[in-house]
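Chemist: Give me a model of this one.
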Amino acid sequence: MGQVRRGLADSPLDLLLSRAHGDALALPMPLFFDWSLWHRWHPATAQALVESITRRGIAVSALHSELGLYDTDESGDLTDRLPPEAMALRILPYRNERYGLSDQDLTHACVVDLHLVGSRDESGRFAYSAARLGRWEQTPDDKPLSGGGWVPAMNLPPDVPDASGLQSKLEQLRRLAPQAAVMISIGPEWLENELDWVLDAQPDALLVRMHDVRADGLTLASMLRGVSARMAKNNVNVPIWLTPPHGPADEHFTVDDAVKLVALGASAIAIDDWLDDHLSSIDAVAPPSSFADDPMAEPRRKVEAIVAEALDERLERFRGLYATLAGETQSELLGSFDPDVAARLGIRVLQV
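Modeler: Take a look at the predicted model:
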């Protein structure tokens, strides 16, 4: 009482990612897409999606081959390039088998994501489907790689024999992509016994992939607080990126969930779920006509309408909630009426 009332000053929305070598990397928003669905669509649709998503300041994980960007001109540059602003927000998913990887991927990425955890295909195996392999490798329909079957996914790159070789792998990637930050992806099963040696490799960020597990919001928040506490105990400060669990529609990750996890210490959150309800609409986008003056015009128009409907309202709410993160600690930013939840997360107990 007796003091001047004022509104909260907006918290800056951009993400500043420090790098072990070179200047810090600035990203417009602490949100990204971690999709592996690109082979599901015609390349024109995939490219239009990347353009539309990155136009909103959201980074996207994709190889050039996944987007159908194959051809190069005499200078070695891609002839069917994405716009510069889309190229500037592309995360390179560096899978250990390196299917579909090109030097152009390393040249144009803003973040190189070294996967140390295999991904599951539709069968549930840690494997890559024939459809994904066909897009990566441009195999003819009548001569699919592996005879049309699945191919196992590896955990460690073939040039990393054990934990001691991981740091040299990161240094190699930094030399190959000097403009990019280099982060490591692991699954939650790595956190108990492998986290320390992963952090010893000095990545610019750590991505914890939770998309293949079932976990509620409290479990996810507790995991995040636990990882942050272990880093603080060891005097390590590595940004934590997070791919949340991918569950049924009624368990989809919400805008409020994303902001709460940022308040609890996450640096960036994958928002793949936010387009899930619109995948069938994206599937329905027809391939461009071979007679069109601008083959990308119609896919761009249709995809932009889908993305606007799916993301714009959510992004506006994210900006609004994010603007209220004005405190310096979790206890200042969050509170709970449940004493057990408050104690588990180290936040305030709200009493009535």
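Chemist: Wait, Gln167 touches Asp200, no?
Modeler: Yes - between Gln167 and Asp200 a contact is recorded at 7.1 Å, counting by C-beta atoms under 8 Å. Where C-beta positions appear, they are placed from N, C-alpha and C, glycine not excepted.
Chemist: As a check, name the ranges of all helices in this protein.
Modeler: 43-54, 84-87, 103-108, 130-137, 166-176, 195-200, 217-233, 255-263, 279-283, 297-322, 330-333, 339-345 (DSSP state H).
Chemist: weakest of the ones you listed in terms of mean pLDDT?
Modeler: Per-stretch mean pLDDT for these is lowest at helix 330-333 (a mean of 69).
Chemist: ok, back up a step: which of the helices of the chain is buried the deepest?
Modeler: Ranked by mean neighbour count, these are led by helix 43-54 with a mean of 24 (mean count of other C-beta atoms under 10 Å).
Chemist: which helices and strands sit right next to that helix?
Modeler: strand 59-61, helix 84-87, helix 297-322 (3 or more C-beta pairs under 8 Å, 6 or more residues apart in numbering; DSSP states H and E).
Chemist: right, and those - which one's nearest Val208?
Modeler: For Val208, the closest of the helices and strands packed on helix 43-54 is strand 59-61, at 14.8 Å, according to C-beta to C-beta.
Chemist: give the contact list for the residue lying closest to Arg319 once chain neighbours are set aside.
Modeler: Sequence neighbours aside, Leu13 is the residue nearest to Arg319 in space, at 6.3 Å (criterion: C-beta to C-beta, 6 or more residues apart in numbering). Counting by C-beta atoms under 8 Å, 6 or more residues apart in numbering, Leu13 touches 28-30, 319, 322-323.
Chemist: about what we covered before: now render the helices of the chain as JSON lines, adding distance to Pro244.
Modeler: As requested, the helices of the chain are exported to JSON lines (distance: least, C-beta to C-beta, whole Å):
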{"stretch": "helix 43-54", "distance to Pro244": "17"}
{"stretch": "helix 84-87", "distance to Pro244": "24"}
{"stretch": "helix 103-108", "distance to Pro244": "26"}
{"stretch": "helix 130-137", "distance to Pro244": "22"}
{"stretch": "helix 166-176", "distance to Pro244": "25"}
{"stretch": "helix 195-200", "distance to Pro244": "19"}
{"stretch": "helix 217-233", "distance to Pro244": "6"}
{"stretch": "helix 255-263", "distance to Pro244": "7"}
{"stretch": "helix 279-283", "distance to Pro244": "17"}
{"stretch": "helix 297-322", "distance to Pro244": "14"}
{"stretch": "helix 330-333", "distance to Pro244": "18"}
{"stretch": "helix 339-345", "distance to Pro244": "16"}
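Chemist: Could you report the separation of the closest residue to Asp257 other than its chain neighbours from Val111?
Modeler: Setting aside the residues directly before and after it, Asp257 is nearest to Gly217 in space (C-beta to C-beta, 6+ apart), at 5.8 Å. Distance, Gly217 to Val111, using C-beta to C-beta, to the nearest Å: 26 Å.
Chemist: Just the pLDDT for Ile186.
Modeler: pLDDT, Ile186: 93.
Chemist: same deal with the one 3 residues further on?
Modeler: With respect to pLDDT, Glu189 has a value of 88.
Chemist: ok, now Ser75?
Modeler: At Ser75, pLDDT is 48.
Chemist: ok, now Ser18?
Modeler: pLDDT, read off for Ser18, is 90.
Chemist: Identify the residue nearest it in space, chain neighbours excluded?
Modeler: Using C-beta to C-beta, 6+ apart, the nearest residue to Ser18 is Ala24, at 4.8 Å.
Chemist: That neighbour reaches Cys110, doesn't it?
Modeler: No - using C-beta under 8 Å, Ala24 is not in contact with Cys110; the gap is 11.9 Å.
Chemist: My read is that Val163 contacts Leu195, right?
Modeler: Check again: residue 163 is Ala, not Val. No - in this structure Ala163 lies outside contact range of Leu195 using C-beta under 8 Å: 11.4 Å.
Chemist: what touches both of those two?
Modeler: Common neighbours of Ala163 and Leu195 (C-beta under 8 Å, 6+ apart) do not exist.
Chemist: who touches Ala24 in this structure?
Modeler: Contacts for Ala24 (C-beta under 8 Å, 6+ apart) come out as 16-18.
Chemist: Phi and psi next, for it.
Modeler: Note on Ala24: backbone dihedrals following degrees, to the nearest 10 are phi -60, psi 150.
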